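Undergrad: model this:
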Amino acid sequence: MTPEQITWAKRFRWISLIEGMSFLILLFIAMPLKYMMGMPMAVTYVGWAHGALFILYIYLVFPTARSLKWGFSRTLFALMASVLPFGPFIFDRNLKKSQHVDF
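TA: Coordinates of the predicted model:
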C-alpha cells in the first residue's frame, strides 16, 4: 500500500470505529435511558453526535473506496455496515484481513 492509501485506510478505520461505538451507545444506553428512565435528552445528544458521525462515515466511504480500489461489492458492504449494529466492526475486521496490513 502507498502512504496515501494507508492514510485513507487509517482515517476511515477511525471514523468507522467511532461511528460504530456511537451507534451502540445510542441503542444500548441512550434509548433505554429515554424509554425506561424518562430521560429524553440522552437520545437528543447522543443521537445528534451519532448522526454527525454517520454522515462523516458515508462521506468518507467513496474517496476511501477510490483510493483503496474497492470494488462495488466492498463499497456496498461498507455502506450497509453503517446501518447495522456491530457492522462497522465486522467491516473493519474484514478490511484488515484483506489488506494484510496492520493499521
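
Undergrad: how far does the lengthiest helix in the chain sit from its chain's centre?
TA: As assigned by DSSP state H, the longest helix anywhere in the chain is helix 40-68. Centre-to-centre, helix 40-68 and its host chain are 7 Å apart (CA atoms, centre = their mean, to the nearest Å).

Undergrad: what residues of that helix count as buried?
TA: 42-43, 46, 49-50, 53-54, 57, 60-61, 64-65, 67-68 (16 or more other CB atoms under 10 Å). Glycine gets a C-beta too; all of them are placed from N, C-alpha and C.

Undergrad: and the lowest-mean-pLDDT helix or strand in the chain, what other elements does it pack with?
TA: When each helix and strand of the chain is scored by mean pLDDT, DSSP states H and E, helix 87-99 comes last, with a mean of 88. Counting contacts by 3 or more CB pairs under 8 Å, 6 or more residues apart in numbering; DSSP states H and E, helix 87-99 is packed against helix 3-25, helix 72-81.

Undergrad: and those, which is most packed in?
TA: helix 3-25 (a mean of 17; mean count of other CB atoms under 10 Å).

Undergrad: in the following helix or strand past it, which residues are buried?
TA: Using DSSP states H and E, the helix or strand that directly follows helix 3-25 along the chain is helix 31-37. Buried residues in helix 31-37, counted by 16+ other CB under 10 Å: Lys34.

Undergrad: please consider this matter closed, and thank you.
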